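Visitor: Generate a structure from the sequence data that follows.
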Amino acid sequence: MNWKDVINYANNGNLTPPKRVEKSAEEWKEILTDEEYYVTRKKGTERPNSSEMCSLFEPGIYACKCCDTILFDANEKFESGTGWPSFTQPIQDNHIAHIKDTSHGMIRVETTCSVCDAHLGHVFPDGPAPNGLRFCMNAVSLKKVEEKERI
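Guide: Now for the predicted structure:
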């Protein structure tokens, strides 16, 4: 995946997700903290550098906090200096949806979990080689899982 692919998905539609998880607002509120609900369900943003996840570079897999869909491999994580965990690519292209975001007087590409529509963060074209992407994620949108849970 590269920036051209990201723009294509944001403008023309995303890949088909592997499955769908849908819950009511009340159901999400029962399983998420107030901050997790605000970020994932209301498209909020956590404060930069508010999570130790930014500086953790241990092997492992990151999943969606809401539905457990596998999203990122720690091998694709890098220090972006932004205050949010950043990755070069998702584990599977169809696990992330890309949405044109014109809020706050900017044009950006929002990333959501394609399975449950949880707001994850945004993707930018200023990441490292080889693809130049920076998936800038809210740490509260993610959870680290054991490798054996990856299946």
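
Visitor: So the residue of the chain most remote from its centre: helix, strand or coil?
Guide: Residue farthest from the centre of the chain, counting by C-alpha atoms, centre = their mean, is residue 26 at 22.4 Å. Following DSSP: H, G, I helix; E, B strand; the rest coil, the label given to residue 26 is helix.

Visitor: so who does the residue positioned nearest the centre of the chain touch?
Guide: Centroid-nearest residue in the chain, with C-alpha atoms, centre = their mean: residue 120, separated by 3.5 Å. In this structure, residue 120 makes contact with 40, 64, 71, 96, 111, 112, 113, 135, 137, 138, 141, 142, judged by C-beta atoms under 8 Å, 6 or more residues apart in numbering. To be clear about C-beta, it is placed using only N, CA and C from the backbone, and glycine gets the same treatment.

Visitor: which of those sit farthest apart?
Guide: Maximum pairwise distance in the contacts of residue 120, criterion C-beta to C-beta, is 15.4 Å, between 40 and 135.

Visitor: Just give me the neighbour total for the residue nearest to residue 23 when sequence neighbours are not counted.
Guide: Residue nearest to residue 23 in three dimensions, not counting chain neighbours: residue 116, with 7.6 Å by C-beta to C-beta, 6 or more residues apart in numbering. For residue 116, the neighbour count with other C-beta atoms under 10 Å is 21.

Visitor: Then the one 3 residues further on?
Guide: The number of residues packed near residue 119 is 23, by other C-beta under 10 Å.

Visitor: Verify the contact between it and residue 39 for me.
Guide: Yes - with contact defined as C-beta atoms under 8 Å, residue 119 counts as touching residue 39 (6.3 Å).

Visitor: So for the two, which residues contact both of them?
Guide: Contact criterion C-beta under 8 Å, 6+ apart; residues shared by residue 119 and residue 39: 138, 141.

Visitor: quick one, what contacts residue 131?
Guide: By C-beta under 8 Å, 6+ apart, the neighbours of residue 131 are 1, 2, 3, 88, 89.
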